[in-house]
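1. Sequence and computational prediction follow.
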Amino acid sequence: MESKDYLKDISEIKNMMHKSSRFISLSGLSGILAGLYALIGAAIAYVLVTDYSYGVLN
């Protein structure tokens with residue numbers, strides 16, 4: 001009886017780990033898009049900051 005309980009517990013742990021890994025994992029394309037959006041945002045911020053600084057100094 002005890003060994004069946006252990007097997008059941010191990011099976012439940014395996015199922016929980018599988019569900020959490022599916023939730024956390026991202027596809028390769030989504031990682032690339034996140035990086036691309038970050039680069040675009042950084043470029044826009046750089047342009048806004050440098051344009052603002054140039055206008056203030058002149």
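-> Received it, and whenever you're ready, just let me know what you need.
2. And the helices in this protein, which stretches?
-> Ranges of helices in the chain, per DSSP state H, are 2-24, 28-57.
3. Any chance of those helices in CSV with mean neighbour count and mean pLDDT as columns?
-> C-beta here means a position set from N, CA and C on the backbone, and glycine is covered the same way. Shown next, in CSV, are those (neighbours: other Cβ atoms under 10 Å; pLDDT from 0 to 100):
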stretch, mean neighbour count, mean pLDDT
helix 2-24, 9, 78
helix 28-57, 10, 84
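4. Can you tell me how far Ala38 is from Ile32?
-> To Ile32, Ala38 is 11 Å away according to Cβ to Cβ, to the nearest Å.
5. wait, I meant Tyr46
-> Per Cβ to Cβ, Tyr46 is found 21 Å from Ile32.
6. now do Ala45
-> Applying Cβ to Cβ, the value for Ala45 to Ile32 is 20 Å.
7. next one: Ser11
-> As judged by Cβ to Cβ, Ser11 and Ile32 stand 36 Å apart.
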